[in-house]
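# sequence? don't have it. structure:
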């Protein structure tokens, strides 16, 4: 029996929430599928390192660029490149031209079904959606089999701002292998950094991008006493801006940027407290990972974060944009180990009950198989 051929069109395939979830699903589908993975940013394919050995996947340098003006000729070339696959999976606005190409040419070409995924916005839409992009999405999604979103906020945006029919929109919460986050890890479990005796780690997992507003986290961390170290796991263009803020505040010796965490469970296992500092999020996997690891979470009230965490934790999800409240919440958690432990235990119970990966994988299997007219994938 031939393998199901899945075409993945990403705005970028460097490690981030949507990319790591995609790799997670690719691994779960196993030998039943083969995968072609395209990144809208040339060379941005680092998340392929999370694909298990033995899984059949490839890039395609000859695939038309996902970036450029949406001219008829360019859209036609994108549509033609989809022919021969069994299912097209597109991700975020960076792949929206491919979605438009599919809608425009699905009657003229033997195109496979298409499912689009939206996981959130960059800095340019952190505060307000762009009307032109809303309009473009409305048209481009006209023949998509489904639109998948992880959060309640995105679900409402899809239904109202993008005017999608209810039957097309599917909200599937991000999930993780919660069992992997319960194991104790060695102090030297991470590359390039070791946890020393007596240290307490405030940690985060994030792409180093402007929308993550990691200088905000550095400023809030400045109020924590000396045993605390700030460990920011991730890669991205904002590395120097984060370092500069740490140096400005005299914190360079306590702020660490060791790079991407190849195994998030090991990073979470060394953290004593988790913080998010983003201007915009939806349903961040890193928060689910922190909850599964039994950590308390401090975050601005962005996306679904307040609804994700345990009721005991919600006092420490502060109004978006209120940096003073954010810093105060972080300090309160840092000063009370017992409180952190109680909140972390409550968060772990919710993660295990509601956010384990098996439920998420099962829903994606059914959705993808149904789009192809199959009973299973």
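Everything's here; your move. Keep in mind that this is a model prediction, so the values were computed, not measured.
# in the stretch 1-150 of the chain, which ranges drop under the pLDDT threshold?
1, 126 (pLDDT under 70).
# residue boundaries of the strands in it?
Using DSSP state E, counting those that start in this stretch, the strands of the stretch 1-150 of the chain run over 4-10, 33-39, 56-58, 87-91, 114-117, 146-149.
# again with the stretch 251-377 of the chain
Taking DSSP E, counting those that start in this stretch as the test, the strands found in the stretch 251-377 of the chain are 255-259, 273-275, 297-300, 317-318.
# will you turn the ones you listed into a markdown table that also has mean pLDDT, mean neighbour count and distance to residue 66?
The C-beta positions use only the backbone N, C-alpha and C, and glycine is treated the same way. A markdown table is the format used below for the strands of the stretch 251-377 of the chain (pLDDT from 0 to 100; neighbours: other Cβ atoms under 10 Å; distance: least, Cβ to Cβ, whole Å):
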| stretch | mean pLDDT | mean neighbour count | distance to residue 66 |
| --- | --- | --- | --- |
| strand 255-259 | 96 | 18 | 27 |
| strand 273-275 | 98 | 27 | 33 |
| strand 297-300 | 98 | 28 | 31 |
| strand 317-318 | 98 | 22 | 35 |
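# Redo the ones you listed as TSV? Include distance to residue 326.
As requested, the strands of the stretch 251-377 of the chain are arranged in TSV below (distance: least, Cβ to Cβ, whole Å):
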stretch	distance to residue 326
strand 255-259	17
strand 273-275	9
strand 297-300	6
strand 317-318	5
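# Looking at the ones you listed, spot the one closest to residue 351.
strand 297-300 (10.9 Å; Cβ to Cβ).
# Which segments of this structure make up each domain?
Per the record, the chain has its domains at 4-175+357-371, 178-354, by automatic domain parsing.
# Tell me which of the strands of the stretch 251-377 of the chain approaches residue 52 most closely.
Taking Cβ to Cβ, strand 255-259 is the member of those nearest to residue 52, at 21.5 Å.
# Contacts for the closest one, please.
Identification of contacts with strand 255-259 by Cβ atoms under 8 Å, 6 or more residues apart in numbering yields 190-193, 208, 218, 221, 229-235, 239, 242-243, 246.
# Looking at the strands of the stretch 1-150 of the chain, which is nearest to residue 128?
Checked against Cβ to Cβ, the stretch from those lying closest is strand 146-149, at 18.5 Å.
# just the helices in the protein please.
Counting by DSSP state H, the chain forms helices over residues 17-29, 72-82, 96-105, 131-140, 152-160, 214-221, 239-248, 264-270, 285-292, 305-308, 323-334, 337-354, 357-371, given from the N-terminal end onward.
# winner for burial among those?
Comparing the helices of the chain by mean neighbour count (mean count of other Cβ atoms under 10 Å), helix 285-292 ranks first with a mean of 29.
# could I get the domains of the chain as JSON lines with distance to residue 377?
Formatted as JSON lines, the domains of the chain follow (distance: least, Cβ to Cβ, whole Å):
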{"stretch": "domain 4-175+357-371", "distance to residue 377": "4"}
{"stretch": "domain 178-354", "distance to residue 377": "22"}
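# List the residues that contact residue 115.
Contacts for residue 115 were tallied using Cβ under 8 Å, 6+ apart; they are 87-90, 144-148, 367-368, 371.
# in the sheet, who's paired with it?
Beta-bridge partners for residue 115, by DSSP bridges, are residue 89, residue 146.
# ok, it to residue 51 distance?
For residue 115, the distance to residue 51 under the criterion Cβ to Cβ, to the nearest Å works out to 19 Å.
# picking that back up, residue 136 is nearest to which of the strands of the stretch 251-377 of the chain?
With respect to residue 136, and counting by Cβ to Cβ, the nearest of the strands of the stretch 251-377 of the chain is strand 297-300 at 28.6 Å.
# Direction included, what does the closest one pair up with?
By DSSP bridges, strand 297-300 pairs with strand 273-275 (parallel), strand 317-318 (parallel).
# Using JSON lines, lay out the helices of the chain together with distance to residue 62.
Converted to JSON lines, the helices of the chain look like this (distance: least, Cβ to Cβ, whole Å):
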{"stretch": "helix 17-29", "distance to residue 62": "21"}
{"stretch": "helix 72-82", "distance to residue 62": "8"}
{"stretch": "helix 96-105", "distance to residue 62": "15"}
{"stretch": "helix 131-140", "distance to residue 62": "24"}
{"stretch": "helix 152-160", "distance to residue 62": "33"}
{"stretch": "helix 214-221", "distance to residue 62": "37"}
{"stretch": "helix 239-248", "distance to residue 62": "32"}
{"stretch": "helix 264-270", "distance to residue 62": "34"}
{"stretch": "helix 285-292", "distance to residue 62": "32"}
{"stretch": "helix 305-308", "distance to residue 62": "41"}
{"stretch": "helix 323-334", "distance to residue 62": "47"}
{"stretch": "helix 337-354", "distance to residue 62": "42"}
{"stretch": "helix 357-371", "distance to residue 62": "25"}
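# If you drop the residues flanking it in sequence, what lies closest to residue 238?
Nearest non-adjacent residue to residue 238, counting by Cβ to Cβ, 6 or more residues apart in numbering: residue 208, 4.3 Å away.
# how close does the residue located most distally from the centre of the chain sit to residue 373?
Outermost residue of the chain with respect to the C-alpha centroid, by Cα atoms, centre = their mean, is residue 108; its distance is 34.8 Å. Per Cβ to Cβ, residue 108 is found 21 Å from residue 373.
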